[in-house]
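K.L.:
Sequence below, structure please.
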Amino acid sequence: MSALIGLVLVLATVSDGSSFPCNATGNKTLTQCYGTVGQPLFIHLITNPSGYDLKLKNKITMTDVFNLKKNKSKFDGTFANHSTFYLNGTLQLTKAEKIHSGEYLFEIFHASEGRLLQVTTIELFIKGKLTLIPVAIVVVILLAVLLLGMYTLYKRKNRPKAPVDNRPDAVQELVYAQVTVVEKKNQKGKEVEPDTVYDQVNASGPSEAVTDKTKSQGEIVYASIHT
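P.N.:
This next block holds a predicted model:
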């Protein structure tokens, strides 16, 4: 979310016509600078220019656009009448134009010896002003993508889990086996082996052993079988 807010602020700054400061100091071989048409652009070339001679020239035509020698600055070509150099080592394009876009070579010389100490390539990108409408469209799209991602994560976290047996609220079916014992007597009054009749009753609910007695039949025992 913080990255999105930062991007929105950057787009808002560019749409307002502001330019970003550019730091070309240090042992860099390449520095890229971005500016906006009609707005000032600050390029920090060196931390302390004292004791150095400086030169900035077009990399294609090799013509000088800025020179600093014995602490006196001079501007030529496309940088003439549009630039200022400060003693803190910063070069300012007072009004950046698209003609300033291109590659430049920045050279640092030892003032007393004339020896070349460092060469840095500086790429200038001067763009036109952005209107608020394209920026607003980009912001809306970014917010929509963010909300869609948050909704997808929410749905995944709240997805219902399937039951262990893959059947919701599964009801276990109980099967009771009925055994009926009927006592019979032969004609002489002697007992004979009883006839056994098997039956089956299906029911749902807790499984318990049930015992019942009737007048016409012998003892009925329900044996519980868990399924």
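K.L.:
Can you pull the domain assignment for the protein?
P.N.:
Domain assignment for the chain by automatic domain parsing gives 9-132, 173-225.
K.L.:
Which of the ones you listed comes out lowest on mean pLDDT?
P.N.:
Mean pLDDT per stretch puts domain 173-225 lowest among the domains of the chain, at a mean of 49.
K.L.:
and the longest helix for this protein?
P.N.:
helix 132-157 (DSSP state H).
K.L.:
Can you list the helices and strands that that one packs against?
P.N.:
Here helix 132-157 touches helix 2-15, going by 3 or more Cβ pairs under 8 Å, 6 or more residues apart in numbering; DSSP states H and E. C-beta: built from backbone N, CA, C; applies to glycine.
K.L.:
ok, and what's touching the helix or strand just after the helix it packs on?
P.N.:
Downstream of helix 2-15, the first helix or strand assigned by DSSP states H and E is strand 22-23. Strand 22-23 is contacted from outside by 31-34, 41-44, 122, using Cβ atoms under 8 Å, 6 or more residues apart in numbering.
K.L.:
List only buried entries from those residues.
P.N.:
Those of the contacts of strand 22-23 that meet the buried threshold are 31, 33-34, 41-44, 122, by 16 or more other Cβ atoms under 10 Å.
K.L.:
Farthest pair within these?
P.N.:
Spanning the widest gap among the buried ones among the contacts of strand 22-23 are Tyr34 and His44, at 14.1 Å by Cβ to Cβ.
K.L.:
about what we covered before: closest one to Thr84 out of the contacts of strand 22-23, please.
P.N.:
When those are compared against Thr84 (criterion: Cβ to Cβ), the nearest one is Phe42, at 9.7 Å.
K.L.:
List the contacts of the helix or strand that closest one falls within.
P.N.:
Phe42 is part of strand 41-44, with elements assigned from DSSP H and E. The contact list for strand 41-44 (Cβ under 8 Å, 6+ apart) reads 19, 21-25, 33, 35, 88-93, 96, 100, 122, 124, 126.
K.L.:
Out of these, which sit inside strands?
P.N.:
Assigned to strands by DSSP state E, the following of the contacts of strand 41-44 qualify: 22-23, 33, 35, 90-93, 122, 124, 126.
K.L.:
I'd like these laid out as TSV, including distance to Pro49.
P.N.:
Below are the ones in strands among the contacts of strand 41-44 laid out as TSV (distance: Cβ to Cβ, whole Å):
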residue	distance to Pro49
Cys22	17
Asn23	15
Cys33	18
Gly35	22
Thr90	10
Leu91	10
Gln92	14
Leu93	18
Ile122	16
Leu124	20
Ile126	24
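K.L.:
Can you flag the buried ones in these?
P.N.:
Using 16+ other Cβ under 10 Å, the buried ones in the ones in strands among the contacts of strand 41-44 are 22, 33, 35, 90-93, 122, 124, 126.
K.L.:
Compute the mean per-residue pLDDT across stretch 143-153, please.
P.N.:
Stretch 143-153 comes out at a mean pLDDT of 87.
K.L.:
Convert the C-alpha atoms of it to PDB, please.
P.N.:
The C-alpha coordinates for stretch 143-153 follow below in PDB (Å, rounded to 0.1, in the frame of the first residue of the first chain):
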ATOM      1  CA  LEU A 143      -6.500   1.000  -6.900                       C
ATOM      2  CA  ALA A 144      -8.700  -1.500  -8.800                       C
ATOM      3  CA  VAL A 145      -5.800  -4.000  -9.100                       C
ATOM      4  CA  LEU A 146      -5.100  -3.600  -5.300                       C
ATOM      5  CA  LEU A 147      -8.700  -4.100  -4.300                       C
ATOM      6  CA  LEU A 148      -9.000  -7.100  -6.600                       C
ATOM      7  CA  GLY A 149      -5.900  -8.700  -5.000                       C
ATOM      8  CA  MET A 150      -7.200  -8.000  -1.500                       C
ATOM      9  CA  TYR A 151     -10.600  -9.600  -2.300                       C
ATOM     10  CA  THR A 152      -8.900 -12.700  -3.800                       C
ATOM     11  CA  LEU A 153      -6.900 -13.200  -0.700                       C
END
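K.L.:
No more questions from me, cheers.
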